[in-house]
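J.: Sequence plus the predicted model coming up.
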Protein chains: 2
Amino acid sequence: MMLPSPRPLVAAILCLYLGSSLLLAVADAKVRHYDWDISYQKKSPDCFEKLAVTVNGEAPGPTIYATQGDTVVVTVHNKLETENTAIHWHGIRQIDTPWADGVAGVTQCPILPGETFTYRFVVDRAGTYMYHAHYGMQRVAGLNGMIVVSVPDGFVEPFTYDEEHTVLLEDWWHKSVYDQATGLSAKPFVFVGEPQSLLINGRGIFNCSKPVPATGTCNTSSPDCGLRSLFTVVPGKTYLLRIGSLTSLSSLSFEIEGHSMTVVEADGHYVRPFVVRNLFIYSGETYSVLVKADQDPRRNYWATSHMVGRNASTTPSGKAIVNYVGNDPQMTPPTAPTTGPPWNNTAIRVEQSRAIVAHPGYVVPAPARADRTLLLLNTQNNIDGHIKWTINGVSLHFPATPYLVSMKHGLTAAYDQRPPLDSYDLMGHDISAPAPTNGTIGSPVYRLAFDSVVDVVLQNSNMLNNMSETHPWHLHGHDFWVLGHGDGKFDPTADAWRLLNVKDPIMKNTVPLHPDGWTAIRFHANNPGVWLFHCHIEAHVFMGMGVVFEEGVERVRRLPSSIMGCGHSKGLH
Amino acid sequence: MMLPSPRPLVAAILCLYLGSSLLLAVADAKVRHYDWDISYQKKSPDCFEKLAVTVNGEAPGPTIYATQGDTVVVTVHNKLETENTAIHWHGIRQIDTPWADGVAGVTQCPILPGETFTYRFVVDRAGTYMYHAHYGMQRVAGLNGMIVVSVPDGFVEPFTYDEEHTVLLEDWWHKSVYDQATGLSAKPFVFVGEPQSLLINGRGIFNCSKPVPATGTCNTSSPDCGLRSLFTVVPGKTYLLRIGSLTSLSSLSFEIEGHSMTVVEADGHYVRPFVVRNLFIYSGETYSVLVKADQDPRRNYWATSHMVGRNASTTPSGKAIVNYVGNDPQMTPPTAPTTGPPWNNTAIRVEQSRAIVAHPGYVVPAPARADRTLLLLNTQNNIDGHIKWTINGVSLHFPATPYLVSMKHGLTAAYDQRPPLDSYDLMGHDISAPAPTNGTIGSPVYRLAFDSVVDVVLQNSNMLNNMSETHPWHLHGHDFWVLGHGDGKFDPTADAWRLLNVKDPIMKNTVPLHPDGWTAIRFHANNPGVWLFHCHIEAHVFMGMGVVFEEGVERVRRLPSSIMGCGHSKGLH
């Protein structure tokens, strides 16, 4: 699976140029058609009945299976009654199809009820990816799923296994997303609160007898919820688990009781294998791990997801069963479920982040230095009574007209023309104190020179409650090199640059910014289009925690009229 | 108030030609500007907290006050996060502005989140009107209010009063509209059920201690709900109450304990005054009644709304207080609230419907005969497992492209080209039996010859449960003459036509079709545009109970590009 190459050198060359690996596979490339109805359905994933936004009646939606080089065509029929949608293909770089990235307000007008929209894109690199709604907080309503892109026949991966399975991790609220969003926009601010449950492959457990703010129909014996076998293993065999997290808020630790996991892939890139008992995974990330069925086969084992980074003692852990063949798949393991690592041990999480480097045979050399460096400070601000996240003082608000259309067509009235700042008050800002009441709400764009190399240092700082949180940042349209994670404030005048890893950095599309620290990434601005870069916590991006990059929009081909029709793009074609 | 004229003849001439009355007032005409943010807010109109769609934070929204001939300009900012909207100005004929009728799918594309849309129209006739969302079932989420159009200075109405007040009647559910709509679309069908409360001017009473399917935050002592004084009266004075119903489902009886009401206006037309103890009012109707404060002034009195036509014993009546000056406005009347008429006495309701005829001084002569007659049979059908309403076998489904745009621009692929039927199987259909499993879902249009006179006989029949219900039908863009209400099946070959009232029929925009009966109306197809005609019960029109009329679309001026952008209208301008 994933990056196909028997020889490291070939692999490296393959990776150097976007899309080139596609050429090797194109002879066998297939078109994979999917036809999706998006509709509301009553679902009880954790036993509590709630309206979910579903794909063909299911939440999560079906896993998309394709082979590297294939073209995926998803025809989306919006059958919601009054609500629009847009679907993002998370981790797919959309080379030559920037209008298919599925971000309402950035790459397309949303799909209206009654309309049909077709996403067509090439999956140019093998690996584990995901999809989800990218419109308001709609993803949290259930519209998400996984994408598995296999290596072409004949390519040999740098590891072996007998079977593979997907594991999608989520957190789940009983309040509707409309309710959540209303609170986040309200004066005074109402936070979404901790999730009621953690789901593993769309299934969780909620104690129906527990009083909660919004109760409703809850049935612990519903066949839709409760403990279930994730998969069945045969003693001695090795399994590849493709694990993805599309949590709304939660950073997670995933483990399988008694079993080690060898991490071999991250966001579609081979990593130098390392062994963990528990995998820390942040919203927007995917990992593949190898698990060998090497434990006592007379019993089953717990697979669990635990929240970390937040003291969410009210949220029960996600639980599922790993079944050893011959046992009843529903047989509860005889041991108590694992409890996970301490929620507030940041150090072990940073340590694991640092362990993720490129597989020696698959290092994609990073450019030696950047043409431009952005130091992006996040602060939580009170703007006119609303609590917002800002990046260098600006809280991102999506314009009514998608950037891709307005920038390609010169609709300068459609977004803020004043460029955002490349840096912040490095000397003056104390990251261990909350930001003062300031900041603005806007829709500016970082215009990047095409083909330039860009460094971004994400700088964490304390929120209004004087705490610092984890923020997994996701970049659309690219993978980036993860150059390093550090504590405190990044000092660009000091030795910090020398300490960054340019030797074997992993490439990813999502990376955590840890509490009280910084994360440095580098990317090549060589994919014409307009791309969102944002915290993947749904409440945070909703509160403005993101920036927009433009590069080579003049090189983008004629835009399809299907992405237009809203805001200033009415009448364009 | 309302139609201005001291002399009947002048009044009649005024009414004969659409818009001509406007000329009299135009010298003093003002432009009335409103600026509305549409957003979700937590509201507790009946003590149960629920997300409502609000106008400037309120549900119901503000009353629009204008004078005949004024231009009303409402700038709507959609601040819902993922949901579109469109607002209909119920009873305003939109002469020369058919694109401002506010029906998503018929007269405009919906307004997307982040967009601003401006409605601009002339209120050409005095009277009592309403506004509400007209998109999916969104109206039921709270976006509605009243419009009061006064007669110009110097005009004398055919009655006198000291003060006026508005009374808006609603029914209210605790389930969200998304939940309601999902059930109506589901297999098997899930009906919305009876409302949890009836609201009077946005306020109702719910017993929070009562178990309900979806409980939540409920606080009987919330200042948002409970008993409140509707208005304060001075003994001996006379009050004009402008009463409107925007119920989702319920037919109502409204009364003020101990006080007679003299009905003087219906849907903006003067009626031959008649006195009632209780006013039957159907969703979409407005009435003005005169009430004299002629009772014992040492106490307060109940104003109540009761459901009729459905056996909704679980729904408490709407209650408010009419306060006699000097008493505490919150003082509960010493008597038990009135209980209303028997829910199933159809005869007294038909009788009141028949009492509503034009004021002798304000008769608008109906044309002697129609150029075309439509016999529209409603049946409830099971179509592919979905329960739908059909009219002459077709269940109306709004196309993604608004009819006004597609018909004006010749986008024939955007809606069904096959015309619907002018009649049904008169001989074969037994209205006392449910329809067989048949019918189709479609989007056809009745194309009416411009300036022709059209008769419509609405024919009720039994539902799948073998009962017959009340359906208040509302015509957009026109008033119609109400020619008669009858029992059983209308027989166009018999004397039925001779028995219709062409002498002094009232003009209305909404009229009830009573159980097991028929209702005949006549209208002049002289308002260029595309107009919806539908049952005003929100669940019923959602299930397809409506038809679309086109007349003189070629005479419509160039359409504003602001109504385009969806479906086949992408790229038009």
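T.: Thanks, I have the structure now. Numbers count the residues shown, from 1 in each chain, chains lettered A, B, ... in the order given.

J.: pretty sure A:Leu199 is touching A:Pro316, no?
T.: No - at 11.1 Å, A:Leu199 does not count as touching A:Pro316 under the criterion of Cβ atoms under 8 Å. Backbone N, C-alpha and C define where each C-beta goes, glycine included.

J.: who has more neighbours, the two?
T.: Using other Cβ atoms under 10 Å in any protein chain shown as the criterion, A:Leu199 and A:Pro316 rank with A:Leu199 on top: 25 against 20.

J.: how about the helices in chain A?
T.: A:8-16, A:20-25, A:177-185, A:346-355, A:403-408, A:496-499, A:538-542 (DSSP state H).

J.: what's the burial count for A:Gln380?
T.: Using other Cβ under 10 Å, A:Gln380 has 23 neighbouring residues.

J.: can you give me phi and psi for the residue lying closest to it once chain neighbours are set aside?
T.: Among residues not flanking A:Gln380 along the chain, A:Met463 sits closest, at 4.2 Å (Cβ to Cβ, 6 or more residues apart in numbering or on different chains). Here is the backbone geometry of A:Met463 (degrees, to the nearest 10): phi -80, psi -180.

J.: From what I see, A:Met463 and A:Ala433 are in contact.
T.: No - with contact defined as Cβ under 8 Å, A:Met463 does not count as touching A:Ala433 (10.4 Å).

J.: The helices of chain A: lowest mean pLDDT?
T.: Here the lowest mean pLDDT among these goes to helix A:8-16, at a mean of 40.

J.: Mind jotting down where the strands sit in the stretch 1-150 of chain A?
T.: A:31-43, A:50-55, A:64-67, A:71-78, A:87-90, A:116-122, A:127-133, A:144-150 (DSSP state E, counting those that start in this stretch).

J.: contacting residues around the fifth one?
T.: When contacts are defined by Cβ atoms under 8 Å, 6 or more residues apart in numbering or on different chains, strand A:87-90 is touched by residues A:72, A:74, A:76, A:100-103, A:119, A:121, A:129-134, A:143, A:147, A:246, A:284, A:474, A:476, A:509.

J.: List buried members of those residues by neighbour count.
T.: Listed as buried from the contacts of strand A:87-90 are A:72, A:74, A:76, A:100-103, A:119, A:121, A:129-134, A:143, A:147, A:246, A:284, A:474, A:476, A:509; burial here means 16 or more other Cβ atoms under 10 Å in any protein chain shown.

J.: and those residues near chain B, which?
T.: Filtering the buried ones among the contacts of strand A:87-90 for proximity to chain B by Cβ under 8 Å from any Cβ of the partner chain leaves nothing.

J.: one step back: can you give me the neighbour number for the residue nearest to A:Gln380?
T.: A:Met463, neighbours per other Cβ under 10 Å, totals 17.

J.: pLDDT of stretch A:99-114, averaged?
T.: For stretch A:99-114, mean pLDDT is 98.

J.: Correct me if wrong: A:Pro341 contacts A:Asn278.
T.: Yes - counting by Cβ under 8 Å, A:Pro341 does reach A:Asn278; the two are 6.1 Å apart.

J.: Which one's more surrounded, these two?
T.: The neighbour comparison of A:Pro341 against A:Asn278 (other Cβ under 10 Å) goes to A:Asn278, with 20 against 16.

J.: Name the residues linked to the more buried one by a beta bridge.
T.: A:Glu255 (DSSP bridges).

J.: ok, it touching A:Leu252?
T.: No - with contact defined as Cβ under 8 Å, A:Asn278 does not count as touching A:Leu252 (9.4 Å).

J.: what's the overlap in contacts for these two?
T.: A:His306.

J.: how about A:His536, what does it touch?
T.: With the criterion set at Cβ under 8 Å, 6+ apart, A:His536 makes contact with A:Tyr282, A:Ser283, A:Gly284, A:Pro472, A:Trp473, A:His474, A:Thr510.

J.: Adding distance to B:Thr346, write these out as TSV.
T.: Below are those laid out as TSV (distance: Cβ to Cβ, whole Å):
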residue	distance to B:Thr346
A:Tyr282	64
A:Ser283	58
A:Gly284	60
A:Pro472	63
A:Trp473	65
A:His474	61
A:Thr510	64
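
J.: Identify those among those residues that sit within strands.
T.: Counting by DSSP state E, the contacts of A:His536 place A:Pro472, A:Trp473, A:His474, A:Thr510 in strands.

J.: Closest one of these to B:Ala496?
T.: A:His474 (68.9 Å; Cβ to Cβ).

J.: Test my guess that the closest one contacts A:His534.
T.: Yes - between A:His474 and A:His534 there is a contact under Cβ under 8 Å: 6.2 Å.

J.: A:Phe542 touches A:Leu184, doesn't it?
T.: Yes - using Cβ under 8 Å, A:Phe542 is in contact with A:Leu184, at 5.7 Å.

J.: more neighbours, these two?
T.: More crowded of A:Phe542 and A:Leu184, by other Cβ under 10 Å: A:Phe542, with 24 against 21.
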